[in-house]
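Novice: Dropping the sequence and predicted coords here.
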Amino acid sequence: MDIRLRNIAKIAEADIKVDGVSIIGGYNDTGKSTVLKSIYASVNLFRNADQKVRAERRSSLFSAIADRTTYFDPDGYGGSLAHILINFADMFSERWFRDGNESFTAFKQIFRECASRDEEAPDQQLDDQIFTDEFLRPIYEKVEEVLKRPRETYMKYIGEMYIRSAFSGQMNHLGSNDAAKIQIQSEDAEHYLEVKENRITDMSYASVSKPDAIYLPTYNVLDLIKDRSSRFRFRTGNRYSMEDELRKYLTSEGDARQTYEAYSEREANISAIKEILKEVVHGELQMEGNGKLSFKDDSLEKNIDMSNVASGMKTFLAIQKLVENGYLKKNGILLIDEPETNLHPEWHLKFAEIIVLMYKYMGISTVANSHSPYFIRAIEVKLADYGMKENGNFYLMEKMDNGRCYLKNVTDRTNELYQRLYMPLQYL
C-alpha cells in the first residue's frame, strides 16, 4: 500500500509505503506523528466502510424511532410506550437491513408485530393511539429521511470524526489555505481524500474488508484501563477516537459470530504471538470479575495490579492482548509512536525483532517513528537476518526553510538517519 500525503499540518509532502516494516526518523517537531495520524484516519475511514456506514445508519434509525417518545406521550404513557419504541427500533432496523422494504405499510406491520410481543403491553387507551397513522406517520417520516440519506453523507461524517480525533480538528496547515490531500493506492483499491478548513471537500473510495489500523501512542493506554468504571470515565464521546477504539480493542473480544476460518486464524495468531513474545512476556493480561485489568505472571499464584507492572512490559502485553482479542491480525497495520519509550536499549533490539516476526509469521505491517539508533538499526539487521530486507522501508523527516516538512526515503542510504541520531554524541 502506497500513501501520499500533501499539506497536512506542517507536512508539505510525504510518500510512504505501508507494507512490511516502515520506520520514520528525524528531529522533534518535524511531523513524524502527523504521518502516523494521517495513516490512521485515512486507512480506517476506508477500511470496512460499508460496515461503518451501516452502523451509523442503524444508530440514526434507532435515534429517529426511540427518541420520538418525547413527542408522543401527552397522557403519561412514558414507560410502556418508550419500551415498545426502543424494541421496535431494534426490530425495524434489523428487518430493513435484511429485507430492504421501507414502505409505510411494512413499517406499520413491523410495529404492530413488535407491540404485540411486548411484555409490557399497553392498556386499551394507549393501544388505540399508537396504531393510528396519526401516531406512526411522523415517526415514519423521520425514518424515511434516514433511509434515504446518501451513503456519502455518512462517509463524510465518519471521516470528519476521525479527523477530529486524530488532529483535534486541525488537520490543515494553520498558515495556508491549501487543501490537505491523501491518496492511498493498494492492490485492491484506490482512495482519495481532500480536506479544507478541516472539512472533507472531496472523496473517492472503495470499501475494503480488512482490519482497521491500530495506533499505539507514546503513553501506555493500559494505565487508563484499571477497572470497568475507568473504561468509561475517559471516553471522549467520539466512537472514532483513537483512545476509545484502543480501549475497546484491549477490553473486549472481536466478533463473537466469527467463522471457523476466522476462529482458526485467531488461534494460530495467539500461538504465534506467544512464541514471538516468549522471551519478554511470561504471562498474560486478565480481566477480573469486577472489570479490573491485571497481569497473570506464569510464575506467581496471584495476579499483579497493572500499576505494579513494569512500564516497558505494558507495550508488549498490549500487543499480545490485541492479538488475543482478534483485532490485530493478518493485513492489519500497527502504528507505533516511539516504540522505544520506557525500554532499556537491549529491549529496543528485542522489540525490533518482534515487529519483524509479526510481519513474517502473522502478516501484520508496522509503521513506527523512532529516535533510537538501536531500534532502527535492529530493524534493519533483523530484516536482513530473516531474509526480508526488501520488506523494510526507512524514512527521514526533514524541515525546509519555510518551516514546512517533507518525508525523505532513505531506504538505500540509512546512514543519513544514523548521522542525525548520533550527532548529539559528536557534540559532546
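Specialist: All right, it came through fine.
Novice: can you pull out the helices in the stretch 1-150 of the chain?
Specialist: Using DSSP state H, counting those that start in this stretch, the helices assigned to the stretch 1-150 of the chain run over residues 32-46, 49-66, 78-99, 104-117, 124-130, 133-147.
Novice: Mean pLDDT lowest where, among those?
Specialist: Averaged per stretch, pLDDT over the helices of the stretch 1-150 of the chain is lowest on helix 124-130, reaching a mean of 60.
Novice: Outline the domain layout of this protein.
Specialist: 17-31+208-427, 54-147 (automatic domain parsing).
Novice: so can I have TSV of those domains showing distance to N7 and mean neighbour count?
Specialist: For the C-beta atoms, the positions are set from N, CA and C on the backbone; glycine is no exception. Below are those laid out as TSV (distance: least, Cβ to Cβ, whole Å; neighbours: other Cβ atoms under 10 Å):
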stretch	distance to N7	mean neighbour count
domain 17-31+208-427	9	17
domain 54-147	28	15
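Novice: my guess is E243 contacts V221, does it?
Specialist: Yes: assessed by Cβ atoms under 8 Å, E243 is found in contact with V221 at 6.8 Å.
Novice: pLDDT averaged over stretch 408-425 - what is it?
Specialist: 92.
Novice: Can we start the residue count at 5 from this point?
Specialist: Yes, from this point I'll number from 5; that puts the last item at stretch 412-429.
Novice: Please compute how far that stretch lies from its chain's middle.
Specialist: 31 Å (Cα atoms, centre = their mean, to the nearest Å).
Novice: contact partners of that stretch?
Specialist: 19, 29-31, 375-377, 380-381, 384, 396-402 (Cβ atoms under 8 Å, 6 or more residues apart in numbering).
Novice: residue contacts, the nearest residue to L40 once chain neighbours are set aside?
Specialist: Leaving aside its chain neighbours, L40 sits nearest to L339 (4.6 Å; criterion: Cβ to Cβ, 6 or more residues apart in numbering). Shown in contact with L339 (Cβ under 8 Å, 6+ apart): L40, I43, Y44, A217, I218, Y219, L220, T370, V371, A372.
Novice: just Y31 next, same as before
Specialist: Here Y31 is in contact with M401, K403, R424 (criterion: Cβ under 8 Å, 6+ apart).
Novice: all strands in this protein, in order from the N-terminus.
Specialist: Along the chain, the segments classed as strands by DSSP state E run 6-12, 15-21, 25-30, 184-189, 194-200, 203-208, 218-220, 287-291, 297-301, 308-309, 337-341, 369-373, 396-403, 409-413.
Novice: The longest one pairs with which strands, parallel or anti?
Specialist: Right, strand 396-403. strand 25-30 (parallel), strand 409-413 (antiparallel) (DSSP bridges).
Novice: what do you get for the fourth one?
Specialist: The sheet places strand 184-189 alongside strand 6-12 (antiparallel), strand 194-200 (antiparallel), with pairing taken from DSSP bridges.
Novice: Need the contacts of Y31 in a markdown table (columns: distance to G295).
Specialist: Formatted as a markdown table, the contacts of Y31 follow (distance: Cβ to Cβ, whole Å):
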| residue | distance to G295 |
| --- | --- |
| M401 | 40 |
| K403 | 46 |
| R424 | 45 |
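Novice: between those residues, which is nearest P343?
Specialist: P343 lies nearest to M401 out of those, by Cβ to Cβ, at 16.5 Å.
Novice: now could you export just the CA positions of stretch 411-426 as CSV?
Specialist: Extracted in CSV, the C-alpha atoms of stretch 411-426 (Å, rounded to 0.1, in the frame of the first residue of the first chain):
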residue,chain,number,x,y,z
LEU,A,411,9.5,12.9,4.2
LYS,A,412,12.6,11.6,2.5
ASN,A,413,13.0,8.0,1.5
VAL,A,414,16.5,6.8,2.8
THR,A,415,15.9,3.1,2.4
ASP,A,416,19.1,2.7,0.3
ARG,A,417,21.1,5.2,2.4
THR,A,418,20.1,4.7,6.0
ASN,A,419,23.4,6.3,7.1
GLU,A,420,21.6,9.6,6.8
LEU,A,421,19.3,8.5,9.6
TYR,A,422,22.1,7.5,11.8
GLN,A,423,24.0,10.7,11.2
ARG,A,424,21.1,12.7,12.7
LEU,A,425,20.7,10.3,15.6
TYR,A,426,24.5,10.2,16.5
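Novice: returning to that earlier point: among the strands paired with strand 184-189, which comes closest to F171?
Specialist: strand 6-12 (8.3 Å).
Novice: chain center to that closest one, what's the gap?
Specialist: For strand 6-12, the distance to the chain centre is 19 Å (Cα atoms, centre = their mean).
Novice: got the angle between it and helix 36-50?
Specialist: For strand 6-12 against helix 36-50, the angle by axes from the mean of the first three to the mean of the last three Cα atoms, to 10 degrees is 120 degrees.
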